[in-house]
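Chemist: what follows is a protein structure lacking sequence information:
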């Protein structure tokens with residue numbers, strides 16, 4: 001059934017609103033990284049102590065995302081999304097006013113609580129208000145914040161810190177949040193479940209503990225001089241809790257996260273293979289600046305200029321996403337574009353300080369193109385065959401897997417650098433410029449390649465109801 005023009009226009013505006021909220025949330029995860037020295041100076045602490053401010057935000061996201069579906073069903077999507085926006089905006093302003101590290105960390109956790117509800121509930125609102133034939137273009141709109149914000153975050157934070165004050169990183173969310181809040185109350189329908197299911201406390205404790213440990217393990221991997229014993233112990237314990245969570249969810253009468261959507265092939269591909277792809281992509285914003293600055297000897301400004309080529313590729317692909325998916329279908333695009341993405345990641349291993357700037361930019365630009373397409377294709381096909389009554393449960397499962405994969409991407413990048421350093425010594429090429437990072441990109445490319453195995457199992461007509469609409 002095709003929707004009316006009014007419904008299509010409404011879903012488009014809702015998607016733009018939610019994408020803007022996503023951008024705020026994603027940007028705040030990375031924007032303070034370049035401001036850490038100035039923030040530490042304001043609080044009278046060592047810069048390394050500020051790592052907890054970055055980690056607290058991501059850890060809170062990981063713990064609270066699994067309950068977002070239950071909260072939306074209980075209190076209504078519009079109320080929860082608007083409340084999350086208000087909480088996120090208020091916490092942002094208070095972060096800018098913080099006078100001590102303890103205050104700052106507590107307020108970053110409050111900000112993370114808002115973000116944990118804002119992102120999955122916002123996506124659920126869009127999925128419920130979008131007709132299937134418009135799903136590709138709408139999901140493409142929702143995809144760009146996750147791709148663009150990690151790239152723009154560090155240079156934007158550096159610019160604001162250099163020419164104003166680090167506090168303005170948070171103050172700028174106030175006007176954006178207020179406008180988004182007004183639009184949310186006007187545009188978003190008041191959706192809520194007709195029946196109330198009990199809260200699954202054991203499921204929450206298991207999922208929260210698993211995501212907490214996995215995210216913290218990833219953060220330890222990404223830090224300076226990481227404690228590998230702590231990192232491995234956290235990730236192993238997190239994986240064990242995930243296994244226990246899976247057993248619990250299969251047996252619980254009212255599970256916090258419904259695993260029934262796994263039986264839908266087009267959904268399961270984005271959880272299993274798609275998570276490997278997102279891990280690989282999550283490693284890129286971690287590896288590129290390090291390779292350019294520590295390996296190639298570039299300053300932060302010129303390193304940032306090169307990384308913007310990825311951002312340009314993301315933007316250039318967005319208008320072409322829908323026509324390409326409609327013309328060729330999901331399976332061919334996922335395989336061909338996925339292989340091109342693997343090649344662009346592997347090509348980073350061939351870069352060196354002697355490589356012409358235009359060639360480096362071209363490799364990064366192609367990588368941005370392919371990642372944007374793959375993100376949009378995976379995120380769209382995930383919900384192409386999910387029936388409306390199961391959309392909330394599928395969205396919670398998707399959001400949880402998404403957060404885990406992106407967090408583990410940092411661990412993958414850090415592990416790749418350490419393995420690259422060991423391999424370079426074994427091969428007698430340790431003196432090659434940036435060789436640790438270049439070899440790390442080979443590992444990242446391999447993980448991305450493994451993620452394509454799921455796409456081979458797809459039916460050629462998979463997702464046809466949205467790609468041929």
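Modeler: Thanks, I have it. No experiment lies behind these values; they were computed from the predicted model shown.
Chemist: quick one: the helices in the stretch 151-300 of the chain?
Modeler: 168-171, 173-187, 201-222, 228-251, 265-271, 273-290, 300-328 (DSSP state H, counting those that start in this stretch).
Chemist: and for the stretch 1-150 of the chain?
Modeler: Using DSSP H, counting those that start in this stretch, helices in the stretch 1-150 of the chain cover 5-30, 36-43, 51-64, 68-75, 77-97, 101-129, 135-163.
Chemist: contacts only, for residue 334.
Modeler: 374, 377, 378, 381, 452, 455, 458 (Cβ atoms under 8 Å, 6 or more residues apart in numbering). Heads up, the C-betas are built off the backbone N, CA and C, glycines and all.
Chemist: also residue 152?
Modeler: 27, 311.
Chemist: confidence score at it?
Modeler: On pLDDT, residue 152 comes in at 71.
Chemist: tell me how far it lies from residue 28.
Modeler: Counting by Cβ to Cβ, to the nearest Å, the separation of residue 152 from residue 28 is 12 Å.
Chemist: ok, residue 414 next?
Modeler: 22 Å.
Chemist: need the contacts of residue 334 in TSV with neighbour count, distance to residue 425 and pLDDT, can you?
Modeler: As requested, the contacts of residue 334 are arranged in TSV below (neighbours: other Cβ atoms under 10 Å; distance: Cβ to Cβ, whole Å; pLDDT from 0 to 100):
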residue	neighbour count	distance to residue 425	pLDDT
374	27	34	91
377	29	39	88
378	27	37	88
381	29	43	87
452	20	31	91
455	24	36	87
458	20	41	85
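Chemist: now, which of these lie within helices?
Modeler: Among the contacts of residue 334, the members found in helices (DSSP state H) are 374, 377, 378, 381, 455.
Chemist: of the helices of the stretch 1-150 of the chain, which stretch is the most buried?
Modeler: Among the helices of the stretch 1-150 of the chain, ranked by average contacts under mean count of other Cβ atoms under 10 Å, first place goes to helix 101-129 (a mean of 24).
Chemist: so what's residue 401 up against?
Modeler: 271, 274, 275.
Chemist: now those in JSON lines, with pLDDT and distance to residue 409?
Modeler: Shown next, in JSON lines, are the contacts of residue 401 (pLDDT from 0 to 100; distance: Cβ to Cβ, whole Å):
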{"residue": "271", "pLDDT": "86", "distance to residue 409": "16"}
{"residue": "274", "pLDDT": "88", "distance to residue 409": "13"}
{"residue": "275", "pLDDT": "89", "distance to residue 409": "10"}
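Chemist: coming back round to it: mean neighbour count, the helices of the stretch 151-300 of the chain: which tops it?
Modeler: helix 273-290 (a mean of 25).
Chemist: report all helices and strands that it contacts.
Modeler: Secondary-structure packing of helix 273-290 (3 or more Cβ pairs under 8 Å, 6 or more residues apart in numbering; DSSP states H and E): helix 135-163, helix 300-328, helix 330-347, helix 357-384, helix 391-427, helix 435-450, helix 453-456.
Chemist: among these, which is nearest residue 256?
Modeler: Within those, the stretch nearest residue 256 is helix 391-427; the backing value is 7.9 Å (Cβ to Cβ).
Chemist: chain center to the closest one, what's the gap?
Modeler: In terms of Cα atoms, centre = their mean, to the nearest Å, the centre of helix 391-427 is set 11 Å apart from its chain centre.
Chemist: buried stuff in that helix?
Modeler: 391-417, 420-421, 423-424 (16 or more other Cβ atoms under 10 Å).
Chemist: show the pLDDT at the residue lying closest to residue 83 once chain neighbours are set aside.
Modeler: Excluding the flanking residues, the one nearest residue 83 by Cβ to Cβ, 6 or more residues apart in numbering is residue 117, at 7.3 Å. Looking at residue 117, its pLDDT is 86.
Chemist: what do you get for residue 32?
Modeler: 71.
Chemist: tell me if I'm right that it and residue 56 touch.
Modeler: No - the criterion here is Cβ atoms under 8 Å, and residue 32 misses it with residue 56 at 11.3 Å.
Chemist: ok, so of the ones in helices among the contacts of residue 334, who is nearest residue 356?
Modeler: So of these, ranked by how close each gets to residue 356 (Cβ to Cβ), first place is residue 374, at 27.0 Å.
Chemist: how much space between the closest one and residue 168?
Modeler: Applying Cβ to Cβ to residue 374 and residue 168 gives a distance of 34 Å.
Chemist: may I have the phi/psi pair for residue 131?
Modeler: phi -70, psi 150 (degrees, to the nearest 10).
Chemist: domains in this protein, by residue range?
Modeler: 1-188, 200-255, 257-469 (automatic domain parsing).
Chemist: which residues touch the closest residue to residue 255 other than its chain neighbours?
Modeler: In space, and not counting its chain neighbours, residue 255 is closest to residue 249: 4.3 Å by Cβ to Cβ, 6+ apart. By Cβ under 8 Å, 6+ apart, residue 249 lies in contact with 203, 255, 256, 257, 258, 259.
Chemist: for residue 446, same thing?
Modeler: Taking Cβ under 8 Å, 6+ apart as the definition, residue 446 has no contacts.
Chemist: measure it to residue 379 for me?
Modeler: In terms of Cβ to Cβ, residue 446 sits 23 Å off from residue 379.
Chemist: please apply the same query to residue 173.
Modeler: 25 Å.
Chemist: what's the answer for residue 248, then?
Modeler: In terms of Cβ to Cβ, residue 248 sits 27 Å off from residue 379.
Chemist: again, but for residue 333
Modeler: 13 Å.
Chemist: report the distance from stretch 337-355 to the chain centre.
Modeler: The answer for stretch 337-355 is 22 Å, by Cα atoms, centre = their mean.
Chemist: who's in contact with that stretch?
Modeler: Applying Cβ under 8 Å, 6+ apart, the set of residues contacting stretch 337-355 is 277, 280, 284, 287-288, 291, 295-297, 359-360, 363, 366-367, 370-371, 373-374, 377, 432-434, 438-439, 441-442, 444-445, 448-449, 451-452, 455.
Chemist: end to end on that stretch, go ahead and measure it.
Modeler: Chord length of stretch 337-355, first to last residue, is 25 Å (Cα to Cα, to the nearest Å).
Chemist: quick one: buried residues of that stretch?
Modeler: 337-338, 340-349, 351.
Chemist: span of stretch 220-232 from start to end?
Modeler: Per Cα to Cα, the first residue of stretch 220-232 is 9 Å away from its last.
Chemist: now it: mean pLDDT?
Modeler: The model assigns stretch 220-232 a mean pLDDT of 75.
Chemist: residues in contact with it?
Modeler: Here stretch 220-232 has contacts from 48, 51, 217, 234, 286, 410, 411, 413, 414, 415, using Cβ under 8 Å, 6+ apart.
Chemist: roughly how far is that stretch from the heart of the chain?
Modeler: Relative to its parent chain, stretch 220-232 has a centroid offset of 21 Å by Cα atoms, centre = their mean.
Chemist: many thanks, I have nothing further to ask.
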